[in-house]
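K.L.:
Just to be clear, the model below is a prediction. Sequence and coordinates:
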Amino acid sequence: MFNLLSPQPGPGFIHQYRCGTTDQYPKITVCQAFFDTSLWQDELFLTSGIVFPDALLKAARKRKAEYFAGRFCCQQLLAAHGVHTPVLSHPDRSPAWPGGFCGSISHTQNQAVVVLAPVNLGISPGVDTETLAPRIMRETAAMFTSPPERITLQQCALEWEQALLVTFSAKEALFKSLYPQVKRYLDFDCAEISELNTDRCTLTLRLTQPLSATLPAGYRFYGKWQFAGDVVTTCFLPQIHLPDTDNLYSIMPE
């Protein structure tokens, strides 16, 4: 899914990070950071040149750490293009990308991942990372899967809770990717999983309803996923019709 270079030490609570590309599109870059929230210090915003948004002034340590880690990854990827414009936030908390770029940010308990793409590729990345919580997956399965989907998942080689987590994460990643075209939030029943291949770590999501003139019901999206311990990361890189690529951004909260 990702071709990442050797890890490097990061600032403060980020004990290491690594950058690279997606295996599908070398021009689409990736940064992944690993951190320890207990070591968080607010001074890192100042020393790292990352803007401390007013919305985080009263936020918990965990939220500040996650936000910083995501923006740190953005900073590394944009700097490789000679761009030092900070990635701020829209009022809905979505990332505001510098002109010419689009991307997706996700984070979980101790890691963050960012996928960045030049808008001229016509690709809107969607990435999501989640930590496995088996009990929560079992108790909430009906909230994000349908009975036919659960039959599909029961037939795959993953453990039940892992299969559920991949599905949840995949839908989150796909909906981040699609927002620039559909311009609205999507419910979990807008797409259903139709294939989960554990040999190739690929999956297929199929739209259950039309989302736009170019996204009819039945449209399929192909993504990839990978587990690292109890953390899963999923990614979609669809080529989609973007009527205004200068204003491309993902509205989904980080």
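P.N.:
Yes, it's here.

K.L.:
any weak-confidence spans in this protein?
P.N.:
241-254 (pLDDT under 70).

K.L.:
Would you map the helices across it?
P.N.:
43-48, 61-79, 134-144, 147-154, 160-182 (DSSP state H).

K.L.:
between those helices, which gets nearest to Pro7?
P.N.:
Nearest of the helices of the chain to Pro7, taken as Cβ to Cβ: helix 61-79 at 12.3 Å. Every residue, glycine included, has its C-beta placed from N, CA and C.

K.L.:
now the strands for the stretch 1-150 of the chain?
P.N.:
2-4, 14-22, 29-35, 88-89, 95-96, 101-107, 111-118, 126-131 (DSSP state E, counting those that start in this stretch).

K.L.:
quick one on the thing from earlier: would you point to the one among the helices of the chain that's packed deepest?
P.N.:
The highest average neighbour count among the helices of the chain, using mean count of other Cβ atoms under 10 Å, belongs to helix 160-182 at a mean of 23.

K.L.:
Could you name the helices and strands sitting against that helix?
P.N.:
strand 101-107, strand 126-131, helix 134-144, helix 147-154, strand 191-197, strand 202-207, strand 220-228, strand 231-236 (3 or more Cβ pairs under 8 Å, 6 or more residues apart in numbering; DSSP states H and E).

K.L.:
can these go into TSV with extra columns for distance to Val182?
P.N.:
As requested, the helices and strands packed on helix 160-182 are exported to TSV (distance: least, Cβ to Cβ, whole Å):
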stretch	distance to Val182
strand 101-107	15
strand 126-131	12
helix 134-144	18
helix 147-154	21
strand 191-197	11
strand 202-207	10
strand 220-228	13
strand 231-236	14
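
K.L.:
one step back: redo the helices of the chain as JSON lines? Include distance to Ser94.
P.N.:
Formatted as JSON lines, these follow (distance: least, Cβ to Cβ, whole Å):
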{"stretch": "helix 43-48", "distance to Ser94": "20"}
{"stretch": "helix 61-79", "distance to Ser94": "12"}
{"stretch": "helix 134-144", "distance to Ser94": "21"}
{"stretch": "helix 147-154", "distance to Ser94": "27"}
{"stretch": "helix 160-182", "distance to Ser94": "8"}
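
K.L.:
For Lys27, which of these is the nearest?
P.N.:
helix 61-79 (11.6 Å).

K.L.:
mind saving the C-alpha coords of that closest one as CSV?
P.N.:
This file holds the C-alpha atoms of helix 61-79, laid out as CSV (Å, rounded to 0.1, in the frame of the first residue of the first chain):
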residue,chain,number,x,y,z
ARG,A,61,-3.8,16.8,25.7
LYS,A,62,-4.9,14.0,23.4
ARG,A,63,-6.6,16.2,20.9
LYS,A,64,-3.7,18.7,20.8
ALA,A,65,-1.2,15.8,20.3
GLU,A,66,-3.2,14.2,17.5
TYR,A,67,-3.7,17.5,15.7
PHE,A,68,0.0,18.4,16.0
ALA,A,69,1.1,15.0,14.7
GLY,A,70,-1.2,15.2,11.7
ARG,A,71,0.0,18.8,10.9
PHE,A,72,3.6,17.7,11.4
CYS,A,73,3.1,15.0,8.7
CYS,A,74,1.6,17.6,6.4
GLN,A,75,4.6,19.9,7.0
GLN,A,76,7.0,17.2,6.0
LEU,A,77,5.2,16.3,2.8
LEU,A,78,4.6,19.9,1.7
ALA,A,79,8.2,20.9,2.4
